[in-house]
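Need coordinates for the below:
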Amino acid sequence: MPWKECKPMDERLRFVARLLEGEKMSPLCREFGISRVTGHKIFNRYKECGLDGLNDRSRRPYRHANKLPFQIERSILGLKREHPSWGAPKIRDKLIRQYPMIKPPAISTVHAVLDRNGLVRRRKRRRYKAEGTALSAAHEPNGLWCADYKGEFMLGNRQYCYPLTISDYRSRYLLACEGMTSTRSDFAFAAFERVFKDFGLPRAIRTDNGTPFAGPNALFGLSKLSVWWLRLGIQIQRIKPGNPQQNGRHERMHLTLKKEATKPASFNFLQQQERFDRFIEVYNNERPHQALGGAYPGDFYTPSARVYEPPAEPEYPFHDRTVRVTRCGRICIGKRKINLSQVFAGQIVGIREVDNQIWLVSFLDYDLGFFDINEGRVEPAPNPFAPEKL
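You can find the predicted model right below:
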């Protein structure tokens, strides 16, 4: 197969397959145009992880229903203020009588409107203390990591390369620069897992709002990647859209990366990754950094004491029951199927009745939304990841 028709995974597989057939490392590396260091790295990664993280998976976005008309929401709030003791079921019945010509909202929708406007009295409960730290605490290594995709560029074989970069906010230490074929979450999962194994876990990760860090059509903009971070006790931080300066240190590193490692671009992914690896070594241990007083990032950075390991299943002692979300993003209770979001597929959530025939769904320390006995979806609660709460 000509080089220009190969995908990066095909290149690596052909390289490893020929090694497994007994060919020598040195001549094979010369044929593929890479160094022996890169060749051994590819082969060792294959022996350690196999093909994990290289297969594409279908990602169908979950969309919420259209927003409730303003007039109906205003009527709901008016009825609640006029009759403070009324709950969502009674208010819904009143709406049906007042507006018989329109489709009435679900009970959970009415409850969500009341909750968003502070008109629902919550029972006090002991809350799970989530791991993570505020941005102001990032004055030591691993307090905050920054991650992003440097703008894509075309290689010599006309394949596009999307470099995923991860750096430590305090020390400027570049933890990873991995050339990807796309921004799909499968590749990002594998890259972050390797970094977590090598350097431990940070307290927080700051990204933009693009995929795979966020899901524009999912609940609260979450993605499978960010849900995984939450399970690991990592706080998610997202910059304000259109404000890349909020991740300025990382963006400044991208300028240096672009000048020193992408112009001109290499012919294929293996050769380009070798340049990225060399850039990481120079950037961390040979290049003086003005913001560090001429020191190297490697002089300041130390791996995290928080060792990466699969997280324990969450517990919800103050909820009525726990449920594992199905692969299609649903909560199944008996014969009932309530749509939540595919980003929570396989996760365990807590369910608690908060009003007459209205249930609250929680994930870890975050209240996600409500559903009732009639509606087959979860109506979002106030966004627990809003900027003022981060």
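
can I see the domain layout of this structure?
The record's domain parsing of the chain by automatic domain parsing lists 3-49, 135-300, 321-389.

helix/strand/coil for Q273?
Following DSSP: H, G, I helix; E, B strand; the rest coil, the label given to Q273 is helix.

show me what contacts it?
Residues near Q273 by CB atoms under 8 Å, 6 or more residues apart in numbering: T38, E178, G179. Every C-beta, even on glycine, is put in place using the N, C-alpha and C of the backbone.

now with 6 Å?
G179 (CB atoms under 6 Å, 6 or more residues apart in numbering).

where exactly do the strands run in the protein?
Ranges of strands within the chain are 145-149, 153-154, 160-168, 174-180, 204-207, 235-238, 321-324, 330-333, 336-339, 348-355, 358-363, 366-372, 379-380, based on DSSP state E.

Dump these into CSV; add mean pLDDT as well.
Shown next, in CSV, are the strands of the chain (pLDDT from 0 to 100):
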stretch, mean pLDDT
strand 145-149, 95
strand 153-154, 93
strand 160-168, 95
strand 174-180, 95
strand 204-207, 93
strand 235-238, 90
strand 321-324, 94
strand 330-333, 91
strand 336-339, 90
strand 348-355, 93
strand 358-363, 94
strand 366-372, 92
strand 379-380, 88
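
TSV for these, including distance to H250?
Below are the strands of the chain laid out as TSV (distance: least, CB to CB, whole Å):
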stretch	distance to H250
strand 145-149	4
strand 153-154	18
strand 160-168	6
strand 174-180	10
strand 204-207	8
strand 235-238	12
strand 321-324	36
strand 330-333	37
strand 336-339	36
strand 348-355	33
strand 358-363	28
strand 366-372	26
strand 379-380	30
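
could these go into CSV alongside distance to G87 and mean neighbour count?
Listed next are the strands of the chain as CSV, based on distance: least, CB to CB, whole Å; neighbours: other CB atoms under 10 Å:
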stretch, distance to G87, mean neighbour count
strand 145-149, 44, 24
strand 153-154, 57, 13
strand 160-168, 47, 21
strand 174-180, 50, 23
strand 204-207, 38, 24
strand 235-238, 33, 21
strand 321-324, 22, 15
strand 330-333, 21, 17
strand 336-339, 20, 16
strand 348-355, 5, 18
strand 358-363, 8, 24
strand 366-372, 11, 23
strand 379-380, 15, 23
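
Which one, of the ones you listed, ends up nearest to L79?
Nearest to L79, of all the strands of the chain, is strand 348-355, at 15.2 Å by CB to CB.

For stretch 225-236, list every residue counted as buried.
Buried positions in stretch 225-236, judged by neighbour count with 16 or more other CB atoms under 10 Å: L225, S226, V227, W228, W229, L230, R231, L232, I234, Q235, I236.

Could you do stretch 177-194 as well?
Buried residues in stretch 177-194 (16+ other CB under 10 Å): 177-182, 185-192, 194.

before we move on, back to that, ok, which of the domains of the chain comes nearest G118?
Checked against CB to CB, the stretch from those lying closest is domain 321-389, at 9.1 Å.

Return the distance of L201 relative to G329.
26 Å (CB to CB, to the nearest Å).

so which of the buried residues of stretch 177-194 comes closest to I351?
The nearest one, if we look at the buried residues of stretch 177-194 relative to I351 and count by CB to CB, is S185, at 26.9 Å.

Tell me which residues touch the closest residue to that closest one other than its chain neighbours, please.
Leaving out its chain neighbours, the residue that sits closest to S185 by CB to CB, 6 or more residues apart in numbering is P212, at 3.6 Å. Listed by CB under 6 Å, 6+ apart, the contact partners of P212 are T183, S185, A188, S223, L225.

what do you get if the cut-off is 8 Å, keeping everything else the same?
Taking CB under 8 Å, 6+ apart as the test, what P212 contacts is T183, R184, S185, A188, S223, K224, L225.

correct me, but the third one touches K224?
Yes - the pair formed by S185 and K224 meets the contact definition of CB atoms under 8 Å, at 5.6 Å.

avg pLDDT for stretch 13-21?
Stretch 13-21 shows a mean pLDDT of 82.

For that stretch, list every residue counted as buried.
Per 16+ other CB under 10 Å, stretch 13-21 contains these buried residues: L13, F15, V16, L19.

Could you tell me which ranges of the protein sit under the pLDDT cut-off?
Along the chain, the model assigns pLDDT under 70 to residues 1-9, 49-67, 122-138, 387-390.

can you give me the helices in it?
8-20, 25-32, 36-49, 70-82, 88-98, 107-116, 185-199, 224-231, 248-261, 269-285, 297-300 (DSSP state H).

Out of those, which one sits most buried?
Mean neighbour count (mean count of other CB atoms under 10 Å) peaks for helix 107-116 among the helices of the chain, with a mean of 25.

Now do the same contact list for W229.
I205, Q235, I236.

what's the neighbour count on the residue lying closest to P105 once chain neighbours are set aside?
Leaving aside its chain neighbours, P105 sits nearest to L68 (5.9 Å; criterion: CB to CB, 6+ apart). L68 is flanked by 17 other residues according to other CB atoms under 10 Å.

Kindly provide the distance from L68 to E178.
From L68 over to E178 (counting by CB to CB), the distance is 43 Å.

so which of the helices of the chain gets nearest R336?
Taking the helices of the chain one by one with CB to CB, helix 107-116 is closest: 12.9 Å.

Take the closest one, keep the C-alpha atoms, and write them as CSV.
What follows is helix 107-116 as a C-alpha-only set of coordinates in CSV (Å, rounded to 0.1, in the frame of the first residue of the first chain):
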residue,chain,number,x,y,z
ILE,A,107,-44.3,17.5,35.7
SER,A,108,-40.5,17.3,35.8
THR,A,109,-40.3,20.3,33.4
VAL,A,110,-42.5,22.4,35.7
HIS,A,111,-40.3,21.3,38.7
ALA,A,112,-37.1,22.2,36.8
VAL,A,113,-38.5,25.7,36.1
LEU,A,114,-39.3,26.2,39.8
ASP,A,115,-35.8,24.9,40.8
ARG,A,116,-34.0,27.2,38.4
